[in-house]
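>>> Next one to model:
(one chain, ligands or ions: 1)
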Amino acid sequence: MYTASSQRYQQISYRRCGKSGIRLPLISLGLWHNFGSIDDFANAEKMAHTAFDLGITHFDLANNYGPEPGSAERTLSQILKNGLGKYRDELIISSKAGYLMWPGPYGEWGSRKNLIASCDQSLKRLGLDYIDVFYHHRPDPETPLEESMTALADIVRSGKALYAGISNYPVDRARQAFSMLRELKVPCLLHQINVSMLNRHYEEEGMFDLLDSEGVGGILFSPLAQGLLSDKYLQGIPADSRAKRNYFLKESRITPELLEKITRLNQIASERSQTLAQMAIAWVLRFKGVTSALIGASRPEQIIELVKGTENSSFSPGELAAIDQILHA
Ligand SMILES: NC(=O)c1ccc[n+]([C@@H]2O[C@H](COP(=O)([O-])OP(=O)(O)OC[C@H]3O[C@@H](n4cnc5c(N)ncnc54)[C@H](OP(=O)(O)O)[C@@H]3O)[C@@H](O)[C@H]2O)c1
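Now for the predicted structure:
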């Protein structure tokens with residue numbers, strides 16, 4: 001039976017989520033890949049234990065994570081049953097609804113029907129009484145925002161979730177969502193968005209100013225751009241890499257131009273005595289309003305490396321300018 005390290009709260013720093021009572025570790029672990037029913041359970045369990053032993057209290061899921069969809073929630077349920085569950089009050093477990101999960105008109109997007117039914121399904125798969133953070137996974141252009149936000153607030157009021165969050169909302173829609181949730185007395189805890197050195201869209205549209213002024217925590221997913229921001233592709237495409245699976249991360253993304261940028265970024269990282277993967281995390285954590293970098297991993301060693309990298313998270317103006325120059329080249 002698993003027993004957590006007694007040193008777990010000395011390994012990583014925590015930041016407050018906006019103006020809420022919750023603090024999250026600088027790194028959170030996502031279960032999008034490598035926790036499905038097709039994956040090696042022992043490795044998944046080892047990654048969860050490694051993360052928790054390093055003070056990573058936050059595990060991020062969605063209804064559709066797998067494959068097959070739903071199976072990542074079942075994997076975490078089994079890990080909890082095997083021992084991690086005795087630390088339930090030390091864990092923040094999140095899930096989401098919004099992407100296609102079941103056939104017919106109610107299996108995706110943002111209707112009240114979809115969000116509440118999906119939350120109930122997630123609770124069953126997870127074997128939990130409540131989810132800590134329940135998100136609307138993507139904005140729905142057709143459902144009135146009020147319907148989606150009221151459903152989130154009702155999920156919280158019913159005790160099925162403790163906090164509400166949104167994900168992938170552009171800045172104007174996010175502002176409206178924050179305002180509605182505040183009026184409903186269920187303030188938005190987190191906005192989950194894709195940010196990395198290779199994806200600066202939210203930075204350019206002013207999302208960090210909004211998060212900071214609204215007191216909502218930013219949790220930034222895919223900070224390694226699914227592994228591209230590491231040294232792993234510099235000598236070709238390893239057989240056990242995400243790009244080799246050629247599904248969510250296509251081999252065609254790895255162009256000579258990208259490799260040239262990665263090589264130069266890797267050089268800056270080594271001058272900072274970091275790996276490029278560690279520098280990629282530090283780079284996203286410097287934005288205001290940001291609470292946590294939401295990583296994925298395929299093996300426990302990657303988590304250890306990334307947590308170690310949080311010790312060096314400041315950049316000189318010269319380093320930032322050099323990075324900008326590479327990214328804009
Ligand atoms: N809200 C949304 O719409 C949304 C969308 C996507 C993701 N997310 C969340 O964000 C989480 C993270 O996404 P992500 O997996 O794309 O994040 P990521 O951290 O950018 O990429 C993770 C991948 O990078 C590689 N990696 C990790 N650590 C490494 C290291 N130290 N050195 C070299 N390579 C390393 C591994 O790939 P290999 O397999 O190649 O080893 C790993 O699976 C997801 O699990 C999910 O919870 C949310």
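>>> Helix, strand, or coil at residue 15?
Secondary structure assignment for residue 15 (DSSP: H, G, I helix; E, B strand; the rest coil): strand.
>>> Disregarding flanking residues, what is the spatial nearest neighbour of it?
Distances taken as Cβ to Cβ, 6 or more residues apart in numbering place residue 291 nearest to residue 15, at 4.9 Å, with adjacent residues excluded. C-beta coordinates here come from the backbone N, C-alpha and C atoms, glycine included.
>>> which secondary structure element contains that neighbour?
strand 290-295 (DSSP states H and E).
>>> tell me what that strand is packed against?
Here strand 290-295 touches strand 14-16, strand 23-25, strand 27-30, strand 217-221, helix 276-285, helix 300-309, going by 3 or more Cβ pairs under 8 Å, 6 or more residues apart in numbering; DSSP states H and E.
>>> Give me the contacts around the third one.
Contacts to strand 27-30, defined as Cβ atoms under 8 Å, 6 or more residues apart in numbering, come from residues 12, 47-48, 51, 56, 58-61, 219, 221, 281, 292-297, 303, 306-307, 310.
>>> can you narrow these to ones near the ligand?
For the ligand, the contacts drawn from the contacts of strand 27-30 by Cβ under 6 Å from any ligand atom are 60, 221, 294, 295, 296, 297, 306.
>>> out of these, who's nearest the ligand?
The nearest member of these to the ligand, counting by Cβ to the nearest ligand atom, is residue 296 at 2.1 Å.
>>> Which residues are in contact with the closest one?
Residue 296 touches 29, 30, 31, 32, 33, 34, 222, 224, 226, counting by Cβ under 8 Å, 6+ apart.
>>> Of these, which pair is most distant in space?
For those, the maximum inter-member distance is 15.7 Å, found between 31 and 224 (Cβ to Cβ).
>>> Which of the two has more residues huddled nearby?
Between residue 31 and residue 224, counted using other Cβ atoms under 10 Å, the more crowded position is residue 31 (28 against 25).
>>> Could you check the pLDDT of that one?
In this model, residue 31 is scored at 98, pLDDT.
>>> Now it. Nearest residue, chain neighbours left out?
residue 72 (4.4 Å).
>>> what does the stretch 201-329 of the chain have sitting close to the ligand?
221-227, 230, 232, 241-242, 277, 294-298, 302, 305-306.
>>> One more pass at 8 Å, please.
221-232, 238, 240-245, 248-249, 275, 277-278, 280, 293-299, 301-303, 305-306 (Cβ under 8 Å from any ligand atom).
>>> thinking again about what came up before, adjacent strands (with direction) for the strand holding residue 291?
Sheet neighbours of strand 290-295, with direction, are listed as strand 27-30 (parallel), strand 217-221 (parallel) (DSSP bridges).
>>> List the buried residues in whichever helix or strand comes after the longest one.
Proceeding N to C from strand 217-221, the next assigned helix or strand is helix 242-245, under DSSP H and E. Residues of helix 242-245 classed as buried: 242, 243 (neighbour count, 16 or more other Cβ atoms under 10 Å).
>>> can I have the very next helix or strand once past helix 242-245 written out in PDB, keeping just the CAs?
Going down the chain from helix 242-245, the next helix or strand is helix 256-271, by DSSP H and E. C-alpha atoms of helix 256-271 as PDB (Å, rounded to 0.1, in the frame of the first residue of the first chain):
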ATOM      1  CA  PRO A 256      13.800  22.200 -39.800                       C
ATOM      2  CA  GLU A 257      12.800  25.800 -38.900                       C
ATOM      3  CA  LEU A 258      11.300  24.600 -35.600                       C
ATOM      4  CA  LEU A 259      14.300  22.500 -34.800                       C
ATOM      5  CA  GLU A 260      16.500  25.500 -35.400                       C
ATOM      6  CA  LYS A 261      14.500  27.500 -32.800                       C
ATOM      7  CA  ILE A 262      14.600  24.600 -30.400                       C
ATOM      8  CA  THR A 263      18.300  24.300 -30.800                       C
ATOM      9  CA  ARG A 264      18.800  27.900 -30.000                       C
ATOM     10  CA  LEU A 265      16.400  27.900 -27.000                       C
ATOM     11  CA  ASN A 266      18.200  24.800 -25.800                       C
ATOM     12  CA  GLN A 267      21.500  26.800 -25.800                       C
ATOM     13  CA  ILE A 268      19.900  29.600 -23.600                       C
ATOM     14  CA  ALA A 269      18.500  26.900 -21.200                       C
ATOM     15  CA  SER A 270      21.900  25.400 -20.800                       C
ATOM     16  CA  GLU A 271      23.500  28.800 -20.100                       C
END
